[in-house]
Each structure stands twice: as structure tokens, then as C-alpha cells.
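>>> need coordinates for the below:
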Amino acid sequence: MPAEFLQHATTAAVGAVPIYVAFIAIEVIAIRLLDSSSSGRRVKGYCLADTIDSFALGLGSVIIHGITQIGPLVGGISALYVLTPVKMPASQWWSWVLLLIGYDLLYYLRHRASHRVRLMWAGHQVHHSSQYFNLAVALRRKWAPPWQLAFNIPLALLGFSPTMIGVVITVDLTYQFFLHTETIGRLPRWFEFVCNTPSHHRVHHGSDPDYLDRNYGAFLIIWDRMFGTFVPETHPATFGLVRNIDSTNPLTIGVSGYRDILRDLRNSHTLRERLGHVFLPPV
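Have a look, this model is predicted:
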């Protein structure tokens, strides 16, 4: 079962790369057209060094995750699925709807934790480290073991197979890729109310005080509305971190969060301070 999961995930990831590159090229052209038009819309666009960093960080993430996913997380989820007495039928449409809703809720919880627990933020901040917002930034993934897979344990216990979970993860990553753009404004109100959109996700990537730690959703924005973390886009976001990483070296960007935690641990004098530097929200 783990081998089947990894085979599907690897095939989908490799097959999607040319599609991602093609859409990045289309966005570059679209930005040039917007700049030359009389629409008045201005977007920050692309920076070559920043884009190279995004691709390098994405490649590093694939390598790290490819190594660590072979281990206990995928195997553990597969073992739980085998042991659970319930099996959700992959042939039924309602099974996929339930899986999508369940996955989306668990994603919201995991994503929110990634912003509020410093150890998790140390990896996730890589994705927020760009001061640009474009499709290439979507490829800028964290350098950390994929312990977020542990958040999918409830899905396995409910009888969703690792292959079904892998399909939903792939669909989720593809959907979120297209959220990372300034070239799309507001979508229809009903869609903006229910689903995550580029407008909502621009807020999520903003370092402005009123935008910080908002709009965690994956496919859906309803969890943010329900749990009080939704903020609409009211002004152009300032992209990047509150304290940006002063480097274009992907190695530095990839490990900077963990380096800062180790620095603070060395300077700590009590157990309470040390635990705070690891598990309390980033400051």
C-alpha cells in the first residue's frame, strides 16, 4: 500500500511539472499585457533571482519529502487503513465528497498550527519567504519532514484508502497552485464565499498586521469564516515575512527558521524558555 501511494504521488508530481512551467510562462505574458494596458492594474510580477529560489526550494522539498515519505508516516497510515473495520468505497461519488470535506478541515487545522507553533512555522515560513506573489511562489515548499501527513490519520481510520488520500492531496496541491497570482481579481461572490480564491490567498501571504495569520483554507474558505480567521482583501498585501530573510541563497532560506530556533535555544536559561522557543507562536 505505501508503494502504491508513492507511485501515484510521484507520477502526479512529475507529470505536473511541465504544466506548472507552462502556466508560469502564461502568467509572465499576462503580467506584461497588464502592464502595457490602460486597465490601471499593477502587479509586482516576477524577479529572476526570486523565481530561481522558488524552483530550487521546490526541488529541495521534493527530495526531502521523497526520502521521508517512505518511512513510518505513509506506512503508518496504510497500516491503520488495513486495520480499520470501515472501508469507504472509491467507486461512490459521495465518498469523494466526504473525503474532500474531511481533508479540507484537517488541512485547515494543520495549516493554522503551522503558523502558530514555531517548530512547524520554521518549515512553513519558506513558502511565505518571497516578497513576490506569483505562480512560481506556489512551488516554494518547506524543507521539513512531511509530518503534516500525520494529520491525515483520521481519514485512514474513517476508511479512506491511502490512494484516495493521495489523489485528494494531489488535487489540493494543483488547486492551490492557481491561487498564487495577482493577475486574477475577485471571482463571483458565491464562489468567494465558499471557496478559497486568489484574493483570499493574497491576504494569507500578506505580512500586514491586519492580514497576518488569516485565511488558512485549502479548497474551502468556510472554515475560516466559521472559526474567525477570515479577512477579506481590502488593500494590496505586502508580501513576505514580518522580518524578511536577507538572502537569495536557497540553502539559507530553507534552514533559516530552524537556525533561529537553535540560536534562541542556546541563549535560553530555563526549560520554560526553551519549550516556548519551540512550541509557542513565532514572534
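
>>> now for residue 279: which residues touch it?
117-119 (C-beta atoms under 8 Å, 6 or more residues apart in numbering). Glycine gets a C-beta too; all of them are placed from N, C-alpha and C.

>>> where in this protein is pLDDT low?
For the chain, the stretches with pLDDT under 70 are 1-15, 36-42, 69-73, 146.

>>> do that again at 90, thanks
1-19, 32-44, 61-80, 142-152, 162-163, 165-167, 169-170, 173, 283 (pLDDT under 90).

>>> mind listing the helices for it?
2-36, 48-68, 72-83, 93-116, 118-128, 153-157, 162-177, 189-194, 198-204, 222-227, 250-266, 271-279 (DSSP state H).

>>> mind checking which of those is nearest residue 215?
helix 198-204 (4.2 Å; C-beta to C-beta).

>>> how about residues contacting that closest one?
133, 176, 178-182, 184-187, 192, 211, 214-217, 221, 224, 230-233, 237, 239.

>>> dump stretch 183-192 to CSV, restricted to CA.
Presented in CSV, the C-alpha positions along stretch 183-192 are these (Å, rounded to 0.1, in the frame of the first residue of the first chain):
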residue,chain,number,x,y,z
THR,A,183,-3.5,38.6,-12.2
ILE,A,184,-6.9,37.4,-11.1
GLY,A,185,-9.1,39.8,-9.2
ARG,A,186,-12.3,38.9,-7.4
LEU,A,187,-14.4,35.9,-8.6
PRO,A,188,-18.2,35.7,-8.3
ARG,A,189,-19.5,36.4,-4.8
TRP,A,190,-20.9,33.0,-4.2
PHE,A,191,-17.6,31.4,-5.2
GLU,A,192,-15.6,33.8,-3.0
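
>>> what comes up buried for it?
Counting neighbours by 16 or more other C-beta atoms under 10 Å, one finds that the buried residues in stretch 183-192 are 183, 192.

>>> before we move on, what about stretch 268-283?
In stretch 268-283, counting by 16+ other C-beta under 10 Å, buried: 274, 277, 282.

>>> go on, stretch 164-171?
In stretch 164-171, counting by 16+ other C-beta under 10 Å, buried: 164-171.

>>> and residue 247, how far from residue 50?
12 Å (C-beta to C-beta, to the nearest Å).

>>> which one's more surrounded, these two?
residue 50 (18 against 12; other C-beta atoms under 10 Å).

>>> so what's that one up against?
For residue 50, the contact set (C-beta under 8 Å, 6+ apart) comprises 130-132, 136, 248.

>>> could I get the residues you listed as TSV with distance to residue 27?
Putting the contacts of residue 50 into TSV (distance: C-beta to C-beta, whole Å) gives the following:
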residue	distance to residue 27
130	14
131	17
132	11
136	8
248	21
